[in-house]
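*Asks:* no FASTA, just this:
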Ligand code: EPS
């Protein structure tokens with residue numbers, strides 16, 4: 001089983017991703033992982049912290065001569081702003097953060113909760129997701145995330161070659177596929193900054209090149225849509241996840257929801273085996289399994305809970321009303337969120353991929369993958 005645990009506090013020594021059950025024989029490209037880590041640090045609306053950090057990954061275990069060994073991979077991202085021991089307790093919990101609830105749950109300090117609840121933890125998840133993307137890429141699976149809405153302003157995605165879309169996204173200040181909308185998004189972030197407020201939005205991830213049959217219909221905890229929703233909902237500030245049409249499916253009759261099936265015997269060499277859909281309202285998943293179509297998932301991010309113009313709270317020492325604490329923070333981390341959701345989706349897909357095709361070695365997975373495509377084509 002491929003699995004991930006993370007460790008680390010926002011201002012502790014480092015974030016660590018412990019990836020267990022990762023196949024042997026993958027040549028690791030550290031620079032590509034660093035590129036994703038740095039993309040996570042970017043986007044319009046980030047705060048002062050990102051000027052201090054230059055996130056890069058160091059492998060502490062599981063790699064020999066540039067290749068994975070099949071043993072646990074400990075990946076470390078060092079915190080430059082490692083000032084945890086000097087930081088003081090907070091007394092006024094921020095509505096929306098884990099401050100009040102965590103301090104009560106653990107009968108302890110707000111600081112002890114916020115340091116781990118912080119979205120800085122997602123650096124470890126992006127490192128693991130970027131590693132997973134390198135495994136998936138060997139099998140032609142590409143995971144691609146971008147922003148589709150800031151607050152109420154849509155930034156519609158577009159179709160096209162992945163390399164072209166990547167080029168558009170990577171010069172966008174908000175990681176959108178709508179350059180014409182970007183100035184409006186930037187202006188809205190500037191407005192929120194001036195008002196001491198924060199902003200959320202919606203990100204979308206597409207996964208191309210998926211074979212049939214990742215996940216399973218047989219048991220609730222193996223359904224891939226459920227696993228994806230769990231993984232994405234666990235990202236800090238995510239409040240909703242939808243796949244394909246999502247909530248819109250509830251508003252339409254079945255004839256306008258389900259994706260009619262066609263077949264092209266002359267073009268069945270790819271992982272879709274020649275089965276084509278006129279629409280992809282299912283978002284690539286039927287009965288908890290990939291169906292050979294692109295996976296499409298969206299996630300809703302709430303605005304960041306640390307506001308420069310703070311909301312009402314209670315001083316936990318005096319129990320008297322006071323405004324919430326303010327600490328240096330981001331105004332909008334939506335662009336970063338698109339990188340994080342992309343990474344988390346990539347890791348979850350890699351888990352399902354290894355569940356189906358094995359996780360001992362890349363060579364065995366390749367043989368089993370090829371054999372499956374051959375058998376499935378003859379089905
Ligand atoms: C966060 C508070 C801010 C964010 C942080 C998440 O950190 P700091 O208090 O050091 O300014 O910048 O996110 C990151 C550091 C990051 O790398 O994403 C919080 O309280 O959740």
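*Replies:* Nice, thanks for sending it over. As the structure is a computational prediction, the values presented were derived from the model and not from experiment. Numbers count the residues shown, from 1 in each chain.
*Asks:* hmm, stretch 193-207 in reach of the ligand?
*Replies:* No. Stretch 193-207 does not reach the ligand (C-beta under 6 Å from any ligand atom); its nearest approach is 11.2 Å. No exception for glycine: its C-beta is placed from N, CA and C like everyone else's.
*Asks:* Mind listing what's buried along that stretch?
*Replies:* 193, 198, 199, 200, 201, 202, 203, 204, 205, 206, 207 (16 or more other C-beta atoms under 10 Å).
*Asks:* Of the residues you listed, which belong to strands?
*Replies:* 201, 202, 203, 204, 205, 206, 207 (DSSP state E).
*Asks:* What score does the second one have for pLDDT?
*Replies:* Confidence at residue 202, expressed as pLDDT, is 99.
*Asks:* element containing the nearest residue to it once chain neighbours are set aside, please.
*Replies:* Distance criterion C-beta to C-beta, 6 or more residues apart in numbering; nearest residue to residue 202, sequence neighbours excluded, is residue 149 at 4.0 Å. Using DSSP states H and E, the element containing residue 149 is strand 142-150.
*Asks:* List the buried residues of that strand.
*Replies:* 142, 143, 144, 145, 146, 147, 148, 149, 150.
*Asks:* Would you reformat those residues as JSON lines and include pLDDT?
*Replies:* Below are those laid out as JSON lines (pLDDT from 0 to 100):
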{"residue": "142", "pLDDT": "98"}
{"residue": "143", "pLDDT": "98"}
{"residue": "144", "pLDDT": "98"}
{"residue": "145", "pLDDT": "98"}
{"residue": "146", "pLDDT": "98"}
{"residue": "147", "pLDDT": "99"}
{"residue": "148", "pLDDT": "98"}
{"residue": "149", "pLDDT": "98"}
{"residue": "150", "pLDDT": "98"}
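*Asks:* follow-up on the earlier one: helices or strands up against the strand holding residue 149?
*Replies:* helix 122-137, helix 162-170, helix 182-194, strand 201-208, helix 334-357 (3 or more C-beta pairs under 8 Å, 6 or more residues apart in numbering; DSSP states H and E).
*Asks:* check contacts around residue 370.
*Replies:* By C-beta atoms under 8 Å, 6 or more residues apart in numbering, the contact list for residue 370 is empty.
*Asks:* whoops, residue 156 was the one
*Replies:* 148, 177, 178, 181.
*Asks:* out of the residues you listed, which are buried?
*Replies:* Applying 16+ other C-beta under 10 Å to the contacts of residue 156 flags 148, 177, 178, 181 as buried.
*Asks:* Go ahead and confirm residue 343 touches residue 128.
*Replies:* Yes. Assessed by C-beta atoms under 8 Å, residue 343 is found in contact with residue 128 at 7.1 Å.
*Asks:* ok, the spatially most central residue of the chain - contacts?
*Replies:* Nearest to the mean C-alpha position of the chain, by C-alpha atoms, centre = their mean, lies residue 341 at 1.7 Å. By C-beta under 8 Å, 6+ apart, the residues touching residue 341 are 145, 203, 205, 232, 235, 238, 297, 299.
*Asks:* Which single one of those is nearest to residue 89?
*Replies:* residue 235 (26.7 Å; C-beta to C-beta).
*Asks:* Leaving out sequence neighbours, find the closest residue to the closest one.
*Replies:* residue 340 (5.5 Å).
*Asks:* wouldn't the one you found be in contact with residue 121 here?
*Replies:* No. Using C-beta under 8 Å as the test, residue 340 is too far from residue 121 to be in contact (9.8 Å).
*Asks:* number of nearby residues for whichever residue of the stretch 151-300 of the chain sits closest to the ligand?
*Replies:* In the stretch 151-300 of the chain, the residue that lies nearest the ligand is residue 236 (6.3 Å; C-beta to the nearest ligand atom). By other C-beta atoms under 10 Å, 20 other residues sit near residue 236.
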